[in-house]
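Peer 1: Just a sequence and a predicted model for now, questions to come.
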Amino acid sequence: MNNEEVGHFVRRLRHLMDEIAALPVPTIAAIDGYALGGGLELALACDLRVAASSAKMGLIETTRGLLPGAGGTQRLPRCVGIGLAKELIFTGRQIDGQAAFSMGLVNHAVPQNSEGDAAYQRALTLAEEILPQAPFAVKMGKLAINRGMEVDIASGMAIEGMCYAQNIPTRDRQEGMAAFREKRPPQFTGK
C-alpha cells in the first residue's frame with residue numbers, strides 16, 4: 001500500500017475497533033493462540049478477555065517500524081496502566097496468557113486443552129454467566145462504565161445516575177425486585 005492507502009486502511013480499522021467497543025452488549029475476546037498487533041487491538045476493543053496460558057500477545061508494531069494505530073495506544077494504558085503500557089509498546093514485547101492475567105490485560109488465563117480452544121470454552125462459560133442477567137441493566141452498566149472512564153469521577157457519577165434513571169421504569173427492574181422478595185430466580189425479558 002502507498003502512504004495514502006495505509007492511512008485510509010488504519011482509519012477504517014480504528015473505526016471498526018471503535019464500533020466493536022461501542023456495541024451495546026458485552027463482548028468477550030477468546031485468545032487461544034496469537035494476538036499480536038491488530039489482533040490484540042481487537043481484543044482490547046472487547047469488554048472482557050480470556051486467554052490460554054500459552055497464548056502469545058503483544059503490541060509488536062514498534063518492531064516493524066510502526067506504532068499501534070487501531071486503538072492500542074489508548075486502550076492498553078486504560079487496561080494495564082500507563083507505565084506498563086509504555087513498556088509493552090516501546091519494546092514490542094510478546095507476553096503469554098499468564099503474564100497478561102497477572103498484569104490485568106486478561107480477565108482469565110486458563111491452561112490450554114488438547115482441542116486448542118480452552119480460552120474459547122472459558123469465554124462461553126463467562127457469557128453463560130452474563131446471559132441470565134437483565135439485558136437492559138447490563139447494557140446501562142456497560143454504558144456507565146465506558147462513558148464514566150472518559151471523564152472525572154463527578155461527571156462519571158452523573159453518567160451513572162442518568163443510566164440508572166433509564167433503568168428505573170423497566171419491567172426487568174420490577175421483576176428483579178419481585179423475585180428477590182419472593183425468593184425465586186428472576187425471569188428477565190429485556191423490557
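Peer 2: In hand now; what should we look at? Numbering: from 1, shown residues only.
Peer 1: I'd assumed Gln112 was in contact with Ser54.
Peer 2: Yes: Ser54 lies in contact with Gln112 (CB atoms under 8 Å); the separation is 4.8 Å. C-beta here means a position set from N, CA and C on the backbone, and glycine is covered the same way.
Peer 1: What pLDDT does the model give the residue nearest in space to the middle of the chain?
Peer 2: For the chain, the residue nearest the mean C-alpha position is Asp47 (2.0 Å; CA atoms, centre = their mean). At Asp47, the pLDDT value in this model is 98.
Peer 1: That one touches Ala22, doesn't it?
Peer 2: No: with contact defined as CB under 8 Å, Asp47 does not count as touching Ala22 (10.9 Å).
Peer 1: circling back to that earlier point, contacting residues for the residue nearest to the centre of the chain?
Peer 2: Asp47 makes contacts with 26-28, 142, as judged by CB atoms under 8 Å, 6 or more residues apart in numbering.
Peer 1: Which members of the residues you listed occur in strands, if any?
Peer 2: Ile28 (DSSP state E).
Peer 1: Can you tell me which of the contacts of Asp47 lies closest to Gly116?
Peer 2: Ile28 (17.7 Å; CB to CB).
Peer 1: Can you give me the distance of that closest one to Thr125?
Peer 2: 10 Å (CB to CB, to the nearest Å).
Peer 1: Show the residue spans covered by the helices in this protein.
Peer 2: 3-21, 38-45, 72-80, 82-91, 97-102, 118-130, 135-148, 153-167, 171-181 (DSSP state H).
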